[in-house]
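Undergrad: how would this look folded up:
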Amino acid sequence: MRGLLFTLLTFGCAAAPEPTRLEDCAAVEDAVVRGDCQLKFTTPLLEDPKALDAALALVPEGVERDALIARLAVTDPRRGARLCKAMTTPEGQQKCQQVLGRPHLGAPRKTKP
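TA: Numbers count the residues shown, from 1 in each chain. Below you'll find the model as predicted:
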């Protein structure tokens, strides 16, 4: 019995492999961790609109994609207007407009001397 419990705990608690590409993020069960994973792979694509569009197409439409787009818009407000056009929900559009109205969110933080 003790051996069975040890086996279950050992294999049941084994960490899933770290995603190595955006498509792997879909297998992450926790929504927050999945969103962080998606952001990690899409942020470097902000400089390449075609590559970013292709990557966003891999994320399911709706709230999940809109949340990612909003986070990207906060990361780079200069591209916010373009990103906002990709929003698919009314709530996403509203959030994106808030981000566009607050460009300081993407400004570098001041450091104390």
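
Undergrad: who touches the closest residue to R79 other than its chain neighbours in this structure?
TA: Leaving aside its sequence neighbours, R79 sits nearest to L46 (Cβ to Cβ, 6 or more residues apart in numbering; 5.9 Å). C-beta here means a position set from N, CA and C on the backbone, and glycine is covered the same way. The neighbours of L46, taking Cβ atoms under 8 Å, 6 or more residues apart in numbering as the test, are L52, L72, T75, D76, R79.

Undergrad: ok, and the most crowded of those?
TA: Highest neighbour count within those: L72, with 23 neighbours (other Cβ atoms under 10 Å).

Undergrad: Roughly how far does it sit from P90?
TA: Per Cβ to Cβ, to the nearest Å, L72 is found 19 Å from P90.

Undergrad: what does T75 give?
TA: Counting by Cβ to Cβ, the gap from T75 to P90 is 23 Å.

Undergrad: do T20 as well
TA: Computed as Cβ to Cβ, the T20 to P90 distance reads 35 Å.

Undergrad: Could you do K110 as well?
TA: Distance from K110 to P90, by Cβ to Cβ: 35 Å.

Undergrad: okay, these two: which has more neighbours?
TA: A side-by-side neighbour count of K110 and P90, using other Cβ under 10 Å, places P90 first with 9 against 6.

Undergrad: Which phi and psi values does that one adopt?
TA: Backbone torsions of P90, given as degrees, to the nearest 10, read phi -60, psi -40.

Undergrad: What pLDDT is listed against it?
TA: With respect to pLDDT, P90 has a value of 90.

Undergrad: Any idea which residue is closest to the centre of this structure?
TA: By Cα atoms, centre = their mean, the chain has its centre lying nearest to L39, at 3.2 Å.

Undergrad: hmm, which two among the contacts of L46 are most spread apart?
TA: Distance extremes for the contacts of L46: the farthest pair is L52 and T75 at 11.6 Å, using Cβ to Cβ.

Undergrad: Would you tell me what helix or strand Q38 is located in?
TA: helix 31-42 (DSSP states H and E).

Undergrad: CA atoms only: put that helix into CSV for me.
TA: Extracted in CSV, the C-alpha atoms of helix 31-42 (Å, rounded to 0.1, in the frame of the first residue of the first chain):
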residue,chain,number,x,y,z
ALA,A,31,-5.4,29.8,-17.1
VAL,A,32,-3.0,32.3,-15.5
VAL,A,33,0.0,30.2,-16.2
ARG,A,34,-1.3,29.6,-19.8
GLY,A,35,-1.7,33.3,-20.3
ASP,A,36,1.9,34.0,-19.1
CYS,A,37,3.1,31.3,-21.4
GLN,A,38,1.3,32.8,-24.4
LEU,A,39,2.7,36.3,-23.5
LYS,A,40,6.2,34.9,-23.3
PHE,A,41,6.1,33.6,-26.9
THR,A,42,4.1,36.6,-28.4
